[in-house]
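**Student:** what would the 3D arrangement of this be:
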Amino acid sequence: MIPILYMYGMGLTALGSFVLGVFVLSKGLRHNLYRAWFYFCCSVGIWSLGYFLTMLPNITKNLALLSSRGSHASGAIIPVLFIRYIFVWLDIKLKSRLLLLTCYFLSIILAVLSLTPFIVVDLSPKLFFRYYPVGRLGYVLYVINFISWIIVAHYYMFRNYRIISDPKRNQMKYFLLGTISGYLGGASCFPLIFNIPIPPYLSILIIVYIFTTTYAILRYRLMDIKVAVTRTGIFIAVYTLVLGFPFAAAVWLKKWFIEMFETNWWMVPLVLMAVLATAGPFIYIYLNRKAEERLFKEQKRYQSILKQASLGMTRIRNLQKLLNLITHIVTKTVKITYAAIYIHDKNADEYLLQVSRDQGKVVIPKLSQDNPLIQWLVSKRRVLVYEEVKRKMQDTNDIIIKRLEENMRLLCASVIIPSILEDKFMGFIVLGEKMSGQIYTTDDLNVFEVLASQAALAIENAQFYEEAKEMQDQISQAEKMATIGTMADGLSHQINNRFYALSLIAGDSIDTIKMTDTSKCTPEVQKMIEDVSKALDRIQTNVIQGGEVVRGMLKYSRRGEEGFEPLELNKILDGTLEMVQFKVKLSDLDIVRNFNHIPKIRGNMTQLEEVFFNFIDNANDAIVERKQTFKEENYRGRITISASPKTEETLEIIVEDNGMGVRNEDAKKVFTPFFTTKISSRKGTGLGLYVIRRIINEVHKGKIQFESQYKTGTKFIVELPIAK
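**Tutor:** Okay, here's the model as predicted:
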């Protein structure tokens, strides 16, 4: 029974090695790691197949000897293929290729010699084997070479243990456990060759090692081999019981079964096997669940917290508070080194860093729409794992993959999760490494995807709420201004009445003083009367100026009732300056008119005065901001107004200032209603340029363009129809 079980065990090892190797290769033919693992599996498969063939009942000695030598030839190259796999997995770059070349050279030489009597001299019966290799000095060299290169491979694993990243260091713990057990199994075949009576039972561990590592490569991206080892161990234990116990009962209790059931004794182990085979899957599921509860106890805890947090996020209306909460929950709950959130800015068409918990890391403030990382996330809309991207970069020369790896490295990202709401890509969440060194499992990534989706909804709600609130405040302010404008007629009438009364009082007082004989008064009284007369003159002068201010306000606030008529640009500017002087200190500015003998414009005087009023007012604010920001010596504000015919039907007017200018990210929003860049306490309503564009484009059928360079100045280019 034991020889048969061992023979089938080696056959299963051979078949499993080939099947698993091909299966891995089929998942990525161009994947360097997959190819390396495929070659290694094939070498183990050929070695196992040779042992299987030598144990076939009807095989001749000559065929058995040929199979044994072929098996040893394949075994000679197992170490070099294993070293190659380790170097690919750990991304080890040797300064000198002498080591690998030496390993290849010696392994190939021994593989060739294994086909001759130098390694396997003959076959002879040993223990329960009918044919087993006989080796002498050549076989000693074979064993030394095999063990030496396996030690070298493990040396490189141990040497790189401290310098590799925490997730990979965690993987290596369990990977080492698998390799050591696998090679102990393979080495158990050596003692019997030198007539040491130790059966090679441990060689069955080879298939366990092959299976667990293959499962880890495919299922967990070789990131959590502990899970693979655990699940495989449970599977083997359960099905060893299911298949092995009936066989053992049939061997050890055969006599007792015959006594009890006579000729039908064979039905007992058969029924037992059927019962255990039925119960096997349920036993495996139960044990696997219990094992995972222990393995993932901490992960299940924080995954539950994240799910609960994702449900409550939509109730938060403050965007900054929401983003801070998300990063706080993720970093504290999952215990990661770094987290950041990037949100799409519609106006700048960029992804801006909104919040980060960086622990000293240098972060990228924004990513453009053209960035390869953004383009990949927008098109693929799935999680990016740095280890996967890095491995793909090693296997391909694709420039996009290299740019992805570069961006993820600069972002300090172990994982990037896109935040998507329906078909709208809102932004993405960046996660660093776990402090524990554990990896992000598939379940982790699934939970983070749910969190990102809920975050997208919560972010949109918060953005909408804040935009609505801001717009409501601006509308309210605009309504107040409109109300004041509506009241201007009544206010100006009341103010003018009082100015008129003051003017009469002052005039009457001056006339009275002039008609009074003050020659008999003392010098002190005469001096006082003279001062009073001068004060009354100043009052009368200021009353006249106040009336002009009121008339200007009234003119600006009233809707232009007159129709379109031919207008001179100089007269429009004169009327504008008459109004703007009460808001802007014109003595601090140089207003240059750079035009002569230009045709008249067909337009509405009041509305065009409003247009140029806003131009000059905005230019003055930009000039004041530049003064306050840079405090440049010899700087003086300048507004230049140029004009020339562009075509026979249109006049081009350019209003240019040397103020602060507008940032690139704000340039696209200047004509957006309620948007303003003014930083003073008298912040504008954000409606000025919006109204200007409507007056020029819709009312006057003209055009307006905007150009600006931050810290240099701004230019408005207006086209208006020429009067015929």
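**Student:** what's the following helix or strand after the helix or strand hosting residue 99?
**Tutor:** Element membership for residue 99, per DSSP states H and E: helix 98-113. Downstream of helix 98-113, the first helix or strand assigned by DSSP H and E is strand 120-126.
**Student:** any idea of the mean pLDDT in that next one?
**Tutor:** Averaging pLDDT along strand 120-126 gives 90.
**Student:** quick one: name whatever helix or strand follows it.
**Tutor:** Toward the C-terminus, strand 120-126 is succeeded by strand 129-135 as the next helix or strand (DSSP H and E).
**Student:** how far does that following strand sit from the chain's center?
**Tutor:** 60 Å (C-alpha atoms, centre = their mean, to the nearest Å).
**Student:** tell me the angle it makes with strand 120-126.
**Tutor:** Put simply, strand 129-135 runs at 140 degrees to strand 120-126, going by axes from the mean of the first three to the mean of the last three C-alpha atoms, to 10 degrees.
**Student:** packing partners for the helix holding residue 99?
**Tutor:** Under the contact criterion of 3 or more C-beta pairs under 8 Å, 6 or more residues apart in numbering; DSSP states H and E, helix 98-113 touches helix 61-90, helix 137-159. Quick note: C-beta positions are derived from backbone N, CA and C, even for glycine.
**Student:** tell me which residues in it are buried?
**Tutor:** 103, 104, 106, 107, 110, 111, 113 (16 or more other C-beta atoms under 10 Å).
**Student:** can you tell me which of these is nearest residue 120?
**Tutor:** residue 113 (9.8 Å; C-beta to C-beta).
**Student:** residues in contact with that closest one?
**Tutor:** By C-beta atoms under 8 Å, 6 or more residues apart in numbering, the residues touching residue 113 are 119, 138.
**Student:** how much space between it and residue 104?
**Tutor:** Going from residue 113 to residue 104 by C-beta to C-beta, to the nearest Å gives 15 Å.
**Student:** hmm, back to that, now render the helices and strands packed on helix 98-113 as TSV, adding mean neighbour count, distance to residue 718 and mean pLDDT.
**Tutor:** Formatted as TSV, these follow (neighbours: other C-beta atoms under 10 Å; distance: least, C-beta to C-beta, whole Å; pLDDT from 0 to 100):
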stretch	mean neighbour count	distance to residue 718	mean pLDDT
helix 61-90	21	65	90
helix 137-159	16	72	88
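**Student:** so can I have a markdown table of the ones you listed showing distance to residue 40?
**Tutor:** Shown next, in a markdown table, are the helices and strands packed on helix 98-113 (distance: least, C-beta to C-beta, whole Å):
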| stretch | distance to residue 40 |
| --- | --- |
| helix 61-90 | 4 |
| helix 137-159 | 11 |
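**Student:** relative to residue 286, which of those helices is closest?
**Tutor:** Judging these by C-beta to C-beta, what sits closest to residue 286 is helix 61-90, at 33.8 Å.
**Student:** tell me the residue furthest from the middle of this protein?
**Tutor:** residue 520 (94.0 Å; C-alpha atoms, centre = their mean).
**Student:** quick check on that residue: phi, psi?
**Tutor:** The phi/psi pair for residue 520 (degrees, to the nearest 10) reads phi -80, psi 0.
**Student:** rewinding a little: ok, so of the buried residues of helix 98-113, who is nearest residue 413?
**Tutor:** Closest approach between the buried residues of helix 98-113 and residue 413, by C-beta to C-beta: residue 103, at 36.3 Å.
**Student:** wait, what's in contact with the nearest residue to the closest one once chain neighbours are set aside?
**Tutor:** In space, and not counting its chain neighbours, residue 103 is closest to residue 80: 4.7 Å by C-beta to C-beta, 6 or more residues apart in numbering. Contacts for residue 80 (C-beta under 8 Å, 6+ apart) come out as 100, 103, 104, 107, 149.
**Student:** if we can go back for a sec, with just CA atoms, put the helix holding residue 99 into CSV.
**Tutor:** C-alpha atoms of helix 98-113 as CSV (Å, rounded to 0.1, in the frame of the first residue of the first chain):
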residue,chain,number,x,y,z
LEU,A,98,29.1,36.3,-12.6
LEU,A,99,27.1,34.6,-9.9
LEU,A,100,24.2,33.8,-12.1
LEU,A,101,26.5,32.7,-15.0
THR,A,102,28.3,30.4,-12.7
CYS,A,103,25.1,28.9,-11.4
TYR,A,104,23.8,28.4,-15.0
PHE,A,105,27.1,26.9,-16.1
LEU,A,106,27.4,24.4,-13.3
SER,A,107,23.7,23.4,-13.4
ILE,A,108,23.8,22.8,-17.2
ILE,A,109,27.0,20.7,-16.9
LEU,A,110,25.5,18.6,-14.1
ALA,A,111,22.3,18.2,-16.1
VAL,A,112,24.2,16.8,-19.0
LEU,A,113,26.3,14.6,-16.8
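**Student:** now render the contacts of residue 80 as TSV, adding distance to residue 182.
**Tutor:** Shown next, in TSV, are these (distance: C-beta to C-beta, whole Å):
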residue	distance to residue 182
100	22
103	19
104	22
107	18
149	15
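**Student:** now, which of those sits nearest residue 502?
**Tutor:** Sorting the contacts of residue 80 by how near they are to residue 502, with C-beta to C-beta, puts residue 100 at the top with 102.7 Å.
**Student:** from residue 92, how far out is the closest one?
**Tutor:** Distance of residue 100 to residue 92, given as C-beta to C-beta: 10 Å.
**Student:** what's the first helix or strand after the least confident helix or strand in the chain by mean pLDDT?
**Tutor:** Least confident helix or strand of the chain, by mean pLDDT, DSSP states H and E, is helix 297-312 with a mean of 61. The element immediately downstream of helix 297-312 (helix or strand, assigned by DSSP H and E) is helix 319-334.
**Student:** I'd like the next helix or strand past that following helix.
**Tutor:** Following helix 319-334 in sequence, per DSSP H and E, is strand 339-345.
**Student:** which strands and helices sit next to that next one?
**Tutor:** Using 3+ C-beta pairs under 8 Å, 6+ apart: strand 339-345 touches helix 319-334, strand 350-357, strand 424-431.
**Student:** most neighbours per residue, which of the ones you listed?
**Tutor:** Neighbour counts (mean count of other C-beta atoms under 10 Å) averaged over each of the helices and strands packed on strand 339-345 peak at strand 424-431, with a mean of 21.
**Student:** got the angle for that strand vs strand 350-357?
**Tutor:** 30 degrees.
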